[in-house]
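Novice: Dropping the sequence and predicted coords here.
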Amino acid sequence: RKEVEQDPGPFNVPEGATVAFNCTYSNSASQSFFWYRQDCRKEPKLLMSVYSSGNEDGRFTAQLNRASQYISLLIRDSKLSDSATYLCVGAYNNNDMRFGAGTRLTVKP
Amino acid sequence: GAVVSQHPSRVICKSGTSVKIECRSLDFQATTMFWYRQFPKQSLMLMATSNEGSKATYEQGVEKDKFLINHASLTLSTLTVTSAHPEDSSFYICSAVAGSYNEQFFGPGTRLTVL
């Protein structure tokens, strides 16, 4: 079983839609969680960290449920530029990060 | 944020040759760098942790004699794919932790194609 599992998608949504991605992790020792964004043939870039209390950054909201070992990302008012692959990451520390396979999002006009 | 560079960005080579990929932290020192590999439509898989001045730590299933890692300075780590074969064709990405930012910063990646 993979340490971090995500629905690979693809998610195809119209501009302005709200879309949610889910992720589960198997190792309860994971301490930190992140969402990264990866554009085609590019390196991943940090989108946001995920906290148990939930955190919001503009149109993006991330949530962590440690009891269920579940992480989510909500994108509101989707833009064309949001089209990318979103990677869920669980980390024991900054030196040991485990990536999910990614969820592909395409936002269409 | 901190900047990590990789060179080359793309390389095509013949089967049996060796390829060296460089990873540099441009504006910070990194005692630890990481090497990942990503096959199409798959997740990033950690290959090894590169430690400045000491031997790299390899993940299970990664051959240390095939993927040679050298971290000779605080700003440079190199990955050499020895005797490359077509199945080694992949996207190789390095990253480094910038202490002041407490996050990993990724290089732009190197796309290796072995013919």
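Specialist: On my side now, so go ahead.
Novice: any low-confidence regions in the chain?
Specialist: Let's take chain A. A:1, A:94 (pLDDT under 70).
Novice: The intended chain is chain B.
Specialist: B:1, B:99-102.
Novice: Quick one: name the residues of it near chain A.
Specialist: Within reach of chain A by C-beta under 8 Å from any C-beta of the partner chain, chain B has these residues: B:32, B:34, B:36, B:41-46, B:49, B:91, B:93, B:97, B:102-104, B:106-109, B:111. No exception for glycine: its C-beta is placed from N, CA and C like everyone else's.
Novice: Buried subset of those residues as a PyMOL selection?
Specialist: This is how PyMOL selects the buried members of the residues of chain B next to chain A, with burial counted by 16 or more other C-beta atoms under 10 Å in any protein chain shown:
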select buried, chain B and resi 32+34+36+43+44+45+46+49+91+93+97+103+104+106+107+108+109+111
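Novice: Beta-bridge partners for the most centrally placed residue in chain B, please?
Specialist: Of all residues in chain B, the one closest to the mean position by C-alpha atoms, centre = their mean is residue B:35, 3.7 Å from it. Beta-bridge partners for residue B:35, by DSSP bridges, are residue B:48, residue B:94.
Novice: what sits against it?
Specialist: B:23, B:46-50, B:67, B:69, B:77, B:79, B:92-94 (C-beta atoms under 8 Å, 6 or more residues apart in numbering or on different chains).
Novice: try residue A:26
Specialist: Counting by C-beta under 8 Å, 6+ apart, residue A:26 has contacts A:1, A:2, A:3, A:4, A:5, A:69.
Novice: Would you mind checking the residues you listed for buried ones?
Specialist: Applying 16+ other C-beta under 10 Å to the contacts of residue A:26 flags A:4, A:5, A:69 as buried.
Novice: For residue B:23, name its beta-bridge partners.
Specialist: Where residue B:23 sits in a bridge, its partners, by DSSP bridges, are residue B:6, residue B:77.
Novice: Dig out what residue A:22 forms beta bridges with.
Specialist: Applying DSSP bridges, one finds that residue A:22 bridges with residue A:72.
Novice: Contacts only, for it.
Specialist: Counting by C-beta under 8 Å, 6+ apart, residue A:22 makes contact with A:6, A:7, A:70, A:71, A:72.
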